[in-house]
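Asker: Curious how this folds, go ahead:
(one chain, ligands or ions: 1)
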Amino acid sequence: MSSELTELGVADIRDGVADGSFTAREVAEAFNAQVAAAKDLGAFIVETPEKALEAAAAVDAARANGETLGSMAGVPIGMKDLFCTDGVQTTAASHILEGFVPQYESTVSANLWRAGAGMLGKLNMDQFAMGSSNETSYFGPVKSPWRKAGSNTALTPGGSSGGSSSAVAARLCPAATGTDTGGSIRQPAAITGTTGIKPTYGRCSRWGVVAFASSLDQAGPIARSVRDCAIMLEAMAGFDPKDATSLDMPVPQWEAGLSADLSGKKIGIPREYRMDGTPQDILDSWERGKKWLKDAGAEIVDISLPHTKYALPAYYIIAPAEASSNLARYDGVRYGLRDLPDGAGLQDMYAATREEGFGDEVKRRILIGTYVLSAGFYDAYYNQAQKIRTLVARDFEQAWAECDLILAPTTPNAAFGLGEMQADPLAMYLNDVFAVPASLAGLPAISVPGGLNSDGLPLGLQLVGKPFDEQGVLNAGLAIEQRNGFTARPETWWA
Ligand SMILES: NC(=O)C[C@H](N)C(=O)O
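Answerer: A predicted model of the protein is given here:
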């Protein structure tokens, strides 16, 4: 029974616990065992089996008392290590926050515990969410459970939510939290054959989430189905007065609103996303996506998003600029690491702590961000990038006159080997070329499996929606999921 339980998704577990097919404790035990046996993947920084059992015991007791159960009752999840968790180390996969134990809970994680979810552990990620391969983590890279057919080479699970995507794809948890600043939920979901949604900016509170680029950071779920994402996002989202950019709007009932009938919907295909050098496999999967959406009743229309090619360069000015400001708080005084050389003054302590505490990619972004915000260069870089951001957002606004949703590949490539792109940061940044425009515009976007490439590796299809139209995005994702019938899974080699 226990190994069968780890095959179940969020909805299955919630329903099975509610109708007494199994107990929340049995589920937690089964997933705890999977996590403990999968150290080779490097998906978890900290395991918290006792937390999962504690939450399960509360759910089983509530059921025994005839109480109404929450929407995630009995579902054990993985928590990206960017979310502050009361009493449990939170590091953002950095050395500088090693040993930092928050005395408070992020709003999103608190919402999930209130809905009855339990925590299996804190998931590995790219350091401060900077990266697309999970190689910038201070705690070592995460491996994807997937491998190319006939090869033993370790592949990336994507990033920055790579612990989340790897753990969900490997059945170490039915679902996990992620965060997406410029693709960090969608890109890892795409290349691990999982489903991930970034909601409209402001849907999920950023309170208690370690900040990277505050005008872009959004939380969302990674799971193995659209329905599971709908359930979990519903639990995570909601107005929070503690986050000044939180949306003061009711959270729709996304699960109840699921429908794969797309009659009357127009799906835009942006011509600027046909970039030179995009592999044929990716283009083929995009074609399949169009066909599935058409079969579901939608009309396919060509659209133009003319400023697409400026989005990635603008992101790599805006995100580092915000990061350089946000990460100024790590000074050795208030959090985590402190490096105080003998006889050193305050400035020496700042320098030594930051030199030792931040990884190379984080330093690169702090340097870029500081440069583009400096007096002589602010107008030339930061201001220009902000103007481009407005133009990218306007492209989408104009597109909504012609379509309801936009379909594109999630990534320009499938999973690559660990180490393969590390020496070339620009090549690494290109992983998010299709994901970043929706981030700059604050739009909801989902990645759903789009089939396998010729190496047997998963590819993702992305749907971008109008502001607040998570329902439209989920429904189109469901239409693809139903027609795709994606059942491929990695062979277990790690346990
Ligand atoms: N954080 C993200 O959304 C991922 C993006 N690859 C970045 O490094 O900024």
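Asker: tell me the secondary structure for the residue of the chain found nearest the ligand?
Answerer: Residue nearest to the ligand within the chain: Ser184 (3.1 Å; CB to the nearest ligand atom). Just so you know, the C-beta spots here come from the backbone N, C-alpha and C atoms, and that holds for glycine as well. Following DSSP: H, G, I helix; E, B strand; the rest coil, Ser184 is assigned to coil.
Asker: Is Asp60 part of a helix or strand, or is it coil?
Answerer: Quick answer, by three-state DSSP: Asp60 is helix.
Asker: contacting residues around it?
Answerer: Each residue near Asp60 by CB atoms under 8 Å, 6 or more residues apart in numbering is listed here: 17, 23-25, 74.
Asker: Report the spatially nearest residue to the residue of the chain closest to the ligand, omitting neighbours in sequence.
Answerer: Ser160 (4.2 Å; CB to CB, 6 or more residues apart in numbering).
Asker: Stretch 19-39: how far from the chain's middle?
Answerer: 23 Å (CA atoms, centre = their mean, to the nearest Å).
Asker: What residues sit buried inside that stretch?
Answerer: Neighbour-count burial for stretch 19-39, counted by 16 or more other CB atoms under 10 Å, picks out 22-35, 38.
Asker: Give me the contacts around it.
Answerer: With contact meaning CB under 8 Å, 6+ apart, stretch 19-39 is reached by 1-3, 5-6, 8, 13, 15-17, 43-44, 47, 49, 52-53, 55-57, 59-60, 63, 73-76, 118, 120-121, 167, 170-174, 494-495.
Asker: Now, of those, which are buried?
Answerer: 5-6, 8, 13, 16-17, 43-44, 47, 49, 52-53, 55-56, 59-60, 63, 73-76, 118, 120-121, 167, 170-174, 494-495.
Asker: ok so Asp12 is a helix residue?
Answerer: Yes. Counting by three-state DSSP, one finds Asp12 located in a helix.
Asker: How about it, nearest residue that isn't a chain neighbour?
Answerer: Pro174 (8.0 Å).
Asker: Check Phe396 too.
Answerer: That would be Ala441: by CB to CB, 6+ apart, it lies 4.9 Å from Phe396.
Asker: One more: Phe31?
Answerer: Pro76 (4.8 Å).
Asker: Pairing partners for the one you found in the sheet, please.
Answerer: On the basis of DSSP bridges, Pro76 is bridged to Gly118.
Asker: Sort out for me which of the contacts of stretch 19-39 are in helices.
Answerer: Among the contacts of stretch 19-39, the members found in helices (DSSP state H) are 2-3, 5, 13, 15-17, 49, 52-53, 55-57, 59-60, 63, 167.
Asker: who's in contact with the residue nearest to Phe396?
Answerer: So Ala441 contacts 389, 392-393, 395-396 (CB under 8 Å, 6+ apart).
Asker: Just the ones of these in helices?
Answerer: Counted as lying in helices by DSSP H, out of the contacts of Ala441, are 389, 392-393, 395-396.
Asker: pLDDT wise, what is the residue of the chain closest to the ligand at?
Answerer: We note a pLDDT of 98 for Ser184 in this prediction.
Asker: Ok, Ser2 next?
Answerer: 58.
Asker: Please identify the buried residues of stretch 209-224?
Answerer: Here stretch 209-224 shows 209-224 as buried, counting by 16+ other CB under 10 Å.
Asker: whoops, stretch 92-108 was the one
Answerer: 92-97, 100, 102, 105-108.
Asker: Same check on stretch 363-381?
Answerer: Those would be 365-366, 368-373, 381, for stretch 363-381 by 16+ other CB under 10 Å.
Asker: Past the helix or strand hosting Arg288, which element shows up next along the chain?
Answerer: If you go by DSSP states H and E, Arg288 is part of helix 280-295. Downstream of helix 280-295, the next assigned helix or strand under DSSP H and E is strand 299-303.
Asker: and that next one, what other elements does it pack with?
Answerer: strand 266-270, helix 280-295 (3 or more CB pairs under 8 Å, 6 or more residues apart in numbering; DSSP states H and E).
Asker: now the angle from the longest one to strand 266-270?
Answerer: If you take axes from the mean of the first three to the mean of the last three CA atoms, to 10 degrees, helix 280-295 sits at 160 degrees to strand 266-270.
Asker: any idea of the mean pLDDT for helix 280-295?
Answerer: 98.
Asker: try stretch 484-495
Answerer: Mean pLDDT, stretch 484-495: 95.
Asker: So which bits of the stretch 1-150 of the chain are right by the ligand?
Answerer: Residues of the stretch 1-150 of the chain lying near the ligand by CB under 6 Å from any ligand atom: 129-132.
Asker: Let's have those residues in JSON lines, adding pLDDT and secondary structure.
Answerer: Output for these, formatted as JSON lines (pLDDT from 0 to 100; DSSP: H, G, I helix; E, B strand; the rest coil):
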{"residue": "Ala129", "pLDDT": "98", "secondary structure": "helix"}
{"residue": "Met130", "pLDDT": "98", "secondary structure": "coil"}
{"residue": "Gly131", "pLDDT": "98", "secondary structure": "coil"}
{"residue": "Ser132", "pLDDT": "98", "secondary structure": "coil"}
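Asker: Surely Val10 is in contact with Pro174?
Answerer: Yes. Applying CB atoms under 8 Å as the test, Val10 and Pro174 come out as touching, 5.2 Å apart.
Asker: which neighbours do the two share?
Answerer: By CB under 8 Å, 6+ apart, the residues touching both Val10 and Pro174 are 75, 223, 228.
Asker: Pull the helix holding Arg288 out as PDB, backbone CA atoms only.
Answerer: The C-alpha atoms that make up helix 280-295 are tabulated as PDB, following Å, rounded to 0.1, in the frame of the first residue of the first chain:
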ATOM      1  CA  GLN A 280      12.600  21.100 -34.100                       C
ATOM      2  CA  ASP A 281      11.300  19.000 -31.100                       C
ATOM      3  CA  ILE A 282      10.200  22.200 -29.400                       C
ATOM      4  CA  LEU A 283       8.500  23.500 -32.500                       C
ATOM      5  CA  ASP A 284       6.700  20.100 -33.000                       C
ATOM      6  CA  SER A 285       5.400  20.100 -29.400                       C
ATOM      7  CA  TRP A 286       4.100  23.700 -30.000                       C
ATOM      8  CA  GLU A 287       2.300  22.400 -33.100                       C
ATOM      9  CA  ARG A 288       0.800  19.600 -31.100                       C
ATOM     10  CA  GLY A 289      -0.300  22.100 -28.400                       C
ATOM     11  CA  LYS A 290      -2.200  24.100 -31.000                       C
ATOM     12  CA  LYS A 291      -3.900  21.100 -32.300                       C
ATOM     13  CA  TRP A 292      -5.000  19.900 -28.900                       C
ATOM     14  CA  LEU A 293      -6.400  23.400 -28.100                       C
ATOM     15  CA  LYS A 294      -8.300  23.400 -31.400                       C
ATOM     16  CA  ASP A 295      -9.700  20.000 -30.700                       C
END
